[in-house]
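> okay, predicted coordinates and the sequence, questions at the end:
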Amino acid sequence: MKYYLYNPLSNNGLKPDLPADTELLDATKTDFEKFFSELKKEDEVVLIGGDGTINHLINSLDTSKLKNNVYLYANGTGNDFLNDIDKKAGEEVLLNEYLKDLPVVRINGMERKFINGIGYGIDGYCCETADQIKEKTPNQKIDYTAIAIKGLLFKFKPCHAWIEVDGKTYEYDNVWIAAGMKGKYYGGGMKVAPAQDRFSDHLTLVLYMTKSKLKALMAFPSIFEGKHVEKTDIVKVFEGKKIHVRYSRPCAAQIDGETVLNVSEYEAEI
């Protein structure tokens, strides 16, 4: 049997035309751990959704011990995971090899695995603002670039940051972004960590910092092509197994696109 786990909250709730001998289940109403424990070895599962749907799966059970083939049929708004593995939406992509040895983030008293990365600063602010727009006008299309530009110019103030990477400490002022990455992409196509290999044994921490709002705004578009890392006067890149970031004031963060509010610090480890 082939089971389709469908997220009705993902990208207007598109449902595929299902072939015979399949079953469609609402992922938001399914106990993943119980569901997978009751499957036969030959059964297959397809997740219909995006990055958030994968994140829900990896935090619902131990995906390193899956006995069934699990696929993604991309139907989300971001699909940063697919960008990272160079796949396109509209096809079933086997996930199993990507669901092992995942990093964890400790944040606001909780521990969560992640598949793409952690955004902290103006990227978290963008997710927070998008959530507020969705709550007021659920059908409105979200323009994350416009939100980011307004944030850079008016709404978001950079922070002083204390960083620790594998025991080495650093301190920086005027930090806009402190992203801890398992993959290259987040934010719906931003190539934040262009050199990161998701199969490596380390994470990449990317700091984006400048006192000048104009410089921050002018350099921002280069993130979409991963060219921002060439601007070494405002971007610092670290690699490590354990990353700790603390800001001088609480800010929003995002984990695979899901918003976490009032974050003073986070620790990510692989």
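Nice, I can see it. Predicted, not measured: the structure shown is a model, and the values here were computed from it.
> next one: the helix or strand that contains residue 57 to chain centre, how far?
Using DSSP states H and E, residue 57 sits in helix 51-58. Chain-centre distance of helix 51-58: 10 Å, with Cα atoms, centre = their mean, to the nearest Å.
> how about residues contacting that helix?
5, 7, 10, 27, 32, 47, 63, 70, 72, 76, 78-81, 95, 99, 102, 112-116, 255-258 (Cβ atoms under 8 Å, 6 or more residues apart in numbering). C-beta here means a position set from N, CA and C on the backbone, and glycine is covered the same way.
> mark which of these are part of strands, please.
Using DSSP state E, the subset of the contacts of helix 51-58 located in strands is 5, 47, 70, 72, 112, 113, 255, 258.
> burial of the third one, as a residue count?
Spelled out, that is residue 70. 21 (other Cβ atoms under 10 Å).
> what does the pLDDT read for it?
Confidence at residue 70, expressed as pLDDT, is 96.
> give me the beta-bridge partners of it?
Listed beta-bridge partners, residue 70: residue 45 (assigned using DSSP bridges).
> on that earlier part again, quick check: mean pLDDT of the helix holding residue 57?
Helix 51-58 carries an average pLDDT of 91.
> related to what we said a few turns ago, among the ones in strands among the contacts of helix 51-58, which ones are buried?
Neighbour counting by 16 or more other Cβ atoms under 10 Å classes 5, 47, 70, 72, 112, 113, 255, 258 among the ones in strands among the contacts of helix 51-58 as buried.
> how much space between the fourth one and residue 29?
Between residue 72 and residue 29 the distance, using Cβ to Cβ, to the nearest Å, works out to 19 Å.
> ok, now the last one?
Going from residue 258 to residue 29 by Cβ to Cβ gives 19 Å.
> shaky segments in the protein?
Scanning the chain with the threshold set as pLDDT under 70 gives 9-21, 76-78.
> walk me through the domains of it.
Domain ranges of the chain: 2-100, 105-269, per automatic domain parsing.
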